[in-house]
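> can you look at this prediction? I've put the sequence above it.
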Amino acid sequence: MIDLHNHSTKSDGTLTPSELVIHAMEKGLSAFALTDHDTTDGLTEALAYAESLRNGTVPFPSTAVPIEGSTVPAVPEIIPGIEFSTEYMGRDVHVVGLDFDINDTAFNGKLSEFINSRDGRNEKMAQKLASLGIGISYGGMLEMFPDCVLTRAHFARYLLEYGYVKSTKEAFDRYLSPGCPGYVPREKVTPIQAVELTIAAGGIPVLAHPLIYNFSKSELETLILEMKEAGLIGIEAIYCTHSQADERYVRELASAHNLAISGGSDFHGDNKPDLDMGTGYGKLYIPNDVWDNLKAARKS
């Protein structure tokens, strides 16, 4: 069993990269991808911790369970990943990049540009919220959430922590969603650019959770065609919120466009209660051959 879509404290998850490795072992995963939003900062830690487990520098966690087909725990494969925030037809569209060269100079240069753009937007959001009488500052956000790429989810947690809202949903509904007084749009790359950047770094681009964008069938088909022309390899059919009918539909799209299937829980730790790594809301199952097929599709 694997999971190709997970987040750590380096973006808007609540487990550190090392804790994700431990949790993957607790879930009996043979592989998982760390796909933080617009950053690869957690990959070095996750890969180093996994290697420390393999060479015996640190002991196996006592809670680790055997992976499928084995009687002893094993350290899962850590797949380098990222989730790009892009924009298409005025809507957010996410592209997961998998198994790219994390040391690629051009790739990392573009990521720095994305992060700088996000930082500017976060400063403006803090200023807008402060103008509404909320005791918030960009510096305060950085102190509360050090060493990570800030997202709107962090602003929501700040508002909840200091009693301005009663839930993160209320934070988005009142302040942080498009049209709300604390929202600031951010300059984003296109899905095509995210695909091209991933391909250039030797990776596998995947269209993430394609049904949450509320595109019509024709709009989604057009998006897939444009991304496919740029080099799209996979589409996320096995996903935490997909019904059987949803998964069947996305599999049909994949077949029609000669795309490989991907799958992920979109695990965020406590930021998505009741959603667990590997199993989603309880029924998610992503077999090992999903990853094998994605790699084979890259080679072809």
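Nice, I can see it. Numbering: from 1, shown residues only.
> what about the spatially closest residue to Gly13 that is not a sequence neighbour, how many neighbours?
Counting by C-beta to C-beta, 6 or more residues apart in numbering, Gly13 lies nearest to His7, which is 3.6 Å off, once chain neighbours are set aside. For glycine as for every other residue, the C-beta is placed from the backbone atoms N, C-alpha and C. Counted with other C-beta atoms under 10 Å, residues neighbouring His7 total 27.
> His7 contacts Asp36, correct?
Yes. Contact criterion C-beta atoms under 8 Å: His7 and Asp36 qualify, at 5.5 Å.
> quickly list what's touching both of the two.
By C-beta atoms under 8 Å, 6 or more residues apart in numbering, His7 and Asp36 have these common neighbours: Gly13, Glu83.
> packing partners for the strand or helix carrying Lys228?
In this assignment (DSSP states H and E), Lys228 forms part of helix 217-230. Packing partners of helix 217-230 (3 or more C-beta pairs under 8 Å, 6 or more residues apart in numbering; DSSP states H and E): helix 191-200, strand 204-207, helix 244-256.
> for Pro178, find the nearest of those.
helix 191-200 (18.6 Å; C-beta to C-beta).
> name the residues of that closest one that are buried.
Pro191, Ile192, Ala194, Val195, Glu196, Leu197, Thr198, Ile199 (16 or more other C-beta atoms under 10 Å).
> CA atoms only for that helix - export them in CSV, please.
Output of helix 191-200 as CSV, limited to C-alpha atoms (Å, rounded to 0.1, in the frame of the first residue of the first chain):
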residue,chain,number,x,y,z
PRO,A,191,-1.0,24.1,-14.9
ILE,A,192,0.9,23.9,-18.1
GLN,A,193,4.0,25.6,-16.6
ALA,A,194,3.9,23.3,-13.6
VAL,A,195,3.8,20.3,-15.9
GLU,A,196,6.7,21.6,-18.0
LEU,A,197,8.8,22.4,-14.9
THR,A,198,8.2,18.9,-13.5
ILE,A,199,9.1,17.2,-16.8
ALA,A,200,12.3,19.4,-17.1
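> for the remainder of this discussion, apply numbering that starts at 821.
OK, 821 is where the count begins now, so the last one is helix 1011-1020.
> packing partners of it?
Using 3+ C-beta pairs under 8 Å, 6+ apart, helix 1011-1020 sits against strand 897-908, strand 911-918, helix 925-951, strand 1024-1027, helix 1037-1050.
> next helix or strand past the helix holding Lys1048?
strand 1054-1059.
> how far does that next one sit from its chain's centre?
13 Å (C-alpha atoms, centre = their mean, to the nearest Å).
> average model confidence for it?
The average pLDDT within strand 1054-1059 is 97.
> residues in contact with stretch 997-1008?
Under the contact criterion C-beta under 8 Å, 6+ apart, stretch 997-1008 has outside partners 905-907, 912, 937-938, 941, 944-945, 948-949, 952, 954, 975, 992-996.
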